[in-house]
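>>> using only what follows, build the 3D model:
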Amino acid sequence: MTPLSSKSSATGPRNVGPPRRRIAPRLIVRVGVLRALANRNYRIYAEGNAISMVGTWVQRVAVGWLTWELTGSTMWLGLIAFAELLPTVIIGPFAGVVADRFNRLRLFKISQILAMTQSALLFALTATNLITIELLFALTLYLGAVYGFAQPVRLSLIPSLVRRADMHAAIACNSLLFNLARFLGPILAGLVIVAWGIAPAFLINMTTYCAVLYAAALLRPQEDRIDRSQFSGMLVGIQDGITYAFHNPAIRATLILFACTAAFGRPFAELLPGFAADVFERGALGLAWLTSSVGFGAVLAAIYLSQRRNTDGLRQLVVLNTGLFGFALIALVSTKWFWLAIPSVALAGFAMVVCAVGAQSLIQDAVDSAMRGRVLSLYGLVFRAGVALGSLIFGALAADFGLPWPIGAAALACVAAALIARTTIRNS
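Predicted coordinates for the structure are as follows:
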């Protein structure tokens, strides 16, 4: 052996050392959020969308508080929620067909630009004191139409941004980011409204759309290979999607149970301005506390769901949390102590997200790629139309009977739905 080789042999082990443990890949496998973010396209989308969603929640709180300032009516709170969510019933099924036939990324960009114009108009009208409840209703109806178009497009776009094995992790991650925004956005909104008024909240939201549009410009999604030449007319396409969904036992059962939580559980969040002002007498900061607490519970749920590698046992988990949702709302309406309401709405936020994300994951896992947009438009329709009708009905009832009784009755409906679903699963 030459001196050089001897030197290399002697010094080599000291320089190289023992092989390092590769912790990062294990962490990525274990933590679903990191597994989703390891996909380049989804990571870019998530970064831009996270910023935009904070702005969205700033605006949602501002719209709720502006409605209360203009009217002081729970009925109008329900009508404004109804206006945002109702257009999904009409537009959602058509948007699902469009999402299956055209470039989903391009459609996503268009939807974000349309939503940004609504924030700009709200800012201008509020800053100049020209806003009225009728104009707010009309602009909310417009945004509802945009959301009705955007939701099936966005939900159909997500699978093209990740590997199939990471799809459930991406859905959970998207929920985590959305609910982090639900937690942070209301805090920011409360501070902005108290310090500078409502108009700057709309300006913040308008600005955050720039982030998601920039991110969308960088995306290179892997579009599904679908033979679009065989598509029939628009109405026939909608009918095909409905027929497919309700002839698939897993999708049908998921949609029916999710409809219960959407119609009876979810509307409580739209009526939180009434709880903050009338029940607990806490004003805008009280509303920010309640809304952020819902977001905190939702964040915990999203983190929990992101650890799951597949949908095994997910249906039973959704059923369990449907009942938990009802019990959390019963706790909310059973107290007038504000600091007891905080953990109650946090628990409701946790159960709400498990139900919503769990339902979407079960549907995404069961649906064929060629039907994805149409079936997910039904998911969006159930989610938004259920909330719209529930908010309208419970807002109207609250105007006559107060908030606790209608929300309490809705909570009992959630518990009953969970018991029925549990019995059905055990007998199947």
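>>> so for the helix or strand encompassing residue 302, what gets flagged as buried?
Secondary structure from DSSP states H and E places residue 302 in helix 283-306. Within helix 283-306, the residues that count as buried by 16 or more other C-beta atoms under 10 Å are 283-284, 286-306. Every residue, glycine included, has its C-beta placed from N, CA and C.
>>> pretty sure residue 219 contacts residue 104?
No - if you go by C-beta atoms under 8 Å, residue 219 and residue 104 don't touch, sitting 10.2 Å apart.
>>> neighbour count winner among these two?
residue 104 (25 against 18; other C-beta atoms under 10 Å).
>>> which residues sit in contact with the more buried one?
Counting by C-beta atoms under 8 Å, 6 or more residues apart in numbering, residue 104 makes contact with 153, 156, 157, 160, 221, 223, 373.
>>> and if you look at residue 398?
Residue 398 makes contacts with 74, 75, 78, 271, 274, 406, 407, as judged by C-beta under 8 Å, 6+ apart.
>>> residue ranges with poor pLDDT in this protein?
For the chain, the stretches with pLDDT under 70 are 1-32, 223-233, 428.
>>> for residue 48, what are phi and psi?
Main-chain torsions, residue 48, degrees, to the nearest 10: phi -70, psi -40.
>>> for the nearest residue to it once chain neighbours are set aside, give me its contacts.
Leaving aside its sequence neighbours, residue 48 sits nearest to residue 215 (C-beta to C-beta, 6 or more residues apart in numbering; 2.5 Å). Contact partners of residue 215, counting by C-beta under 8 Å, 6+ apart, are 44, 45, 47, 48, 49.
>>> now name the helix or strand holding residue 215.
Per DSSP H and E, residue 215 falls inside helix 199-218.
>>> any buried residues in that helix, and which?
199-206, 208-209, 211-213, 215-216.
>>> list just the nearest of those residues to residue 54.
Nearest to residue 54 among the buried residues of helix 199-218, counting by C-beta to C-beta, is residue 208 at 6.3 Å.
>>> for the closest one, give its distance to residue 184.
As for residue 208, its distance to residue 184 is 12 Å (criterion: C-beta to C-beta, to the nearest Å).
>>> now do residue 295
As judged by C-beta to C-beta, residue 295 and residue 184 stand 7 Å apart.
>>> tell me how far residue 164 lies from residue 158.
Taking C-beta to C-beta, one finds residue 164 at 12 Å from residue 158.
>>> which one of these two is surrounded by more residues?
The residue with more neighbours, out of residue 164 and residue 158, is residue 158; 24 against 9, by other C-beta under 10 Å.
>>> that one contacts residue 174, correct?
Yes - when contacts are counted by C-beta under 8 Å, residue 158 is listed as touching residue 174 (6.7 Å).
>>> do a quick rundown of the helices in the stretch 101-250 of the chain.
104-127, 133-157, 167-196, 199-218, 234-247, 249-260 (DSSP state H, counting those that start in this stretch).
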